[in-house]
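Visitor: would you be able to build a 3D model of this:
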Amino acid sequence: MYLARQELPFRGHAEDKDSANHGNYIEMITVLSKYDDTLANHLQKATVFSGLSNHIQNDLINGVATVLLNEIKKEIFQSAFVAIIIDETTDISAHSQLSTVIRLVSDNGEIQKRFLGFTDISKDRNANALADYVFHMMDEFNCGSKLVAQCYYEAAVMSGEFSG
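Guide: Below is the predicted model of the structure:
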């Protein structure tokens, strides 16, 4: 939760035994083990399950993401108005991704932004696929009746590539 709250990545680029930095998750667990004898003992004696593997880290990331998305769904449910913001970018491996953000009005009238995630759209970048994605997000977050705005930034350019 600390890493998610601070918006820090769990893993580093290299986490082998010779690395100077093993990533935020493993480094944080290492520091905590210096102050918690039970954790230190577990890390020293664990042969099969230490809790440090990339699979465990992925499970933790997915668990935190699920909790956060459920909280966002509650906020959307309580909000009178929402807007969806879609932006397209190409990552370093030449995959086209959509980033999705919801803006909503909170209980106290403040406008809040909530990042929902990245979605790989490399296989289908046309206007129909973009519309299907928006409709899917509106259904998943149950916000269709509250939607007051849609913003497409670079995703509008993406649709224009195929429609002329």
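
Visitor: grab the most central residue of the chain for me.
Guide: residue 117 (4.2 Å; Cα atoms, centre = their mean).

Visitor: what's the nearest residue to it if we skip its chain neighbours?
Guide: residue 100 (6.2 Å; Cβ to Cβ, 6 or more residues apart in numbering). Bear in mind the C-beta positions are built from the backbone N, C-alpha and C, glycine included.

Visitor: so what touches whichever strand or helix holds that neighbour?
Guide: Secondary structure from DSSP states H and E places residue 100 in strand 96-105. With contact meaning Cβ atoms under 8 Å, 6 or more residues apart in numbering, strand 96-105 is reached by 72, 75-76, 79-91, 111-122, 125, 130, 133, 137, 141, 143, 149, 155, 158.

Visitor: the residues you listed in strands, which ones?
Guide: Members of the contacts of strand 96-105 lying in strands (criterion: DSSP state E): 82-90, 111-120, 149.

Visitor: who touches the nearest residue to residue 43 once chain neighbours are set aside in this structure?
Guide: Nearest residue to residue 43, sequence neighbours excluded (Cβ to Cβ, 6+ apart): residue 33, at 5.4 Å. Residues in contact with residue 33 (Cβ under 8 Å, 6+ apart) are 39, 40, 43.

Visitor: wait, isn't residue 121 in contact with residue 132?
Guide: No: taking contacts as Cβ atoms under 8 Å, residue 121 lies outside contact range of residue 132: 10.3 Å.

Visitor: comparing these two, which residue is more hemmed in?
Guide: Remark: of residue 121 and residue 132, residue 121 carries more neighbours, 19 against 12, as counted by other Cβ atoms under 10 Å.

Visitor: please enumerate the helices of this protein.
Guide: Under the criterion DSSP state H, helices of the chain are mapped to 2-5, 24-33, 37-45, 54-78, 127-140, 153-163.

Visitor: need these in JSON lines (columns: mean pLDDT).
Guide: Listed next are these as JSON lines, based on pLDDT from 0 to 100:
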{"stretch": "helix 2-5", "mean pLDDT": "81"}
{"stretch": "helix 24-33", "mean pLDDT": "90"}
{"stretch": "helix 37-45", "mean pLDDT": "91"}
{"stretch": "helix 54-78", "mean pLDDT": "89"}
{"stretch": "helix 127-140", "mean pLDDT": "87"}
{"stretch": "helix 153-163", "mean pLDDT": "55"}
